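A.B. asks: Would you be able to build a 3D model of this:
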Amino acid sequence: QKRDDWWEVSILTWFSTVIIFWAYFAGSVIYYELQACLYLISEANYKVKERNMGFLAKVKSAIVFGMKTRLSGTKKELYMVNGNVVLPENGNYTDSNIEPYMVKRSLLSRMTSWKIL
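C.D. replies: Presented below is the predicted three-dimensional model:
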């Protein structure tokens, strides 16, 4: 007995198979991305490493870390060394005798130093 709608059955089978494999792939990608993110957060934040925090505490720490990075201001310092303007390698010179040639701070960075706030 032949089916008249054989093409409908085959296309639905193909479509459902593609959806199932796509969902499996997406779930795997999300799992490994979360695992890598939480690993990096635990390596970057010593408090998470020392306390051996649980999953939700690590997620909260990752969210706070991301918000802190996005919402805090930026500060760029340029130094004059031997007549050339240079950037320090690690973001700041440790020698307190060296004064920056130019300091640029973002609006958010300046707002945090206002006495009103």
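
A.B. asks: Which elements pack onto the helix or strand R70 falls within?
C.D. replies: R70 is located in helix 55-71, with elements delineated by DSSP states H and E. Helices and strands touching helix 55-71, as assessed by 3 or more C-beta pairs under 8 Å, 6 or more residues apart in numbering; DSSP states H and E, comprise helix 6-44, helix 46-51. The C-beta positions use only the backbone N, C-alpha and C, and glycine is treated the same way.

A.B. asks: P100: which of these is closest?
C.D. replies: Nearest to P100, of all the helices and strands packed on helix 55-71, is helix 6-44, at 26.8 Å by C-beta to C-beta.

A.B. asks: tell me the angle that closest one makes with helix 55-71.
C.D. replies: Between helix 6-44 and helix 55-71, the angle comes out at 80 degrees (axes from the mean of the first three to the mean of the last three C-alpha atoms, to 10 degrees).

A.B. asks: hmm, back to that, can I get the helices and strands packed on helix 55-71 in CSV with mean neighbour count and distance to G66?
C.D. replies: Putting those into CSV (neighbours: other C-beta atoms under 10 Å; distance: least, C-beta to C-beta, whole Å) gives the following:
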stretch, mean neighbour count, distance to G66
helix 6-44, 11, 9
helix 46-51, 11, 14
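
A.B. asks: Name the SS class of D4, please.
C.D. replies: Under DSSP: H, G, I helix; E, B strand; the rest coil, D4 falls in the coil class.

A.B. asks: Pop out the phi and psi values for it.
C.D. replies: With angles defined as degrees, to the nearest 10, D4 sits at phi -80, psi -20.

A.B. asks: Quick check: which ranges of the chain have low pLDDT?
C.D. replies: 1, 44-52, 79-98, 116-117 (pLDDT under 70).

A.B. asks: Among the helices and strands packed on helix 55-71, which comes closest to M67?
C.D. replies: Minimum separation from M67 across the helices and strands packed on helix 55-71 (C-beta to C-beta) falls at helix 6-44, 12.8 Å.
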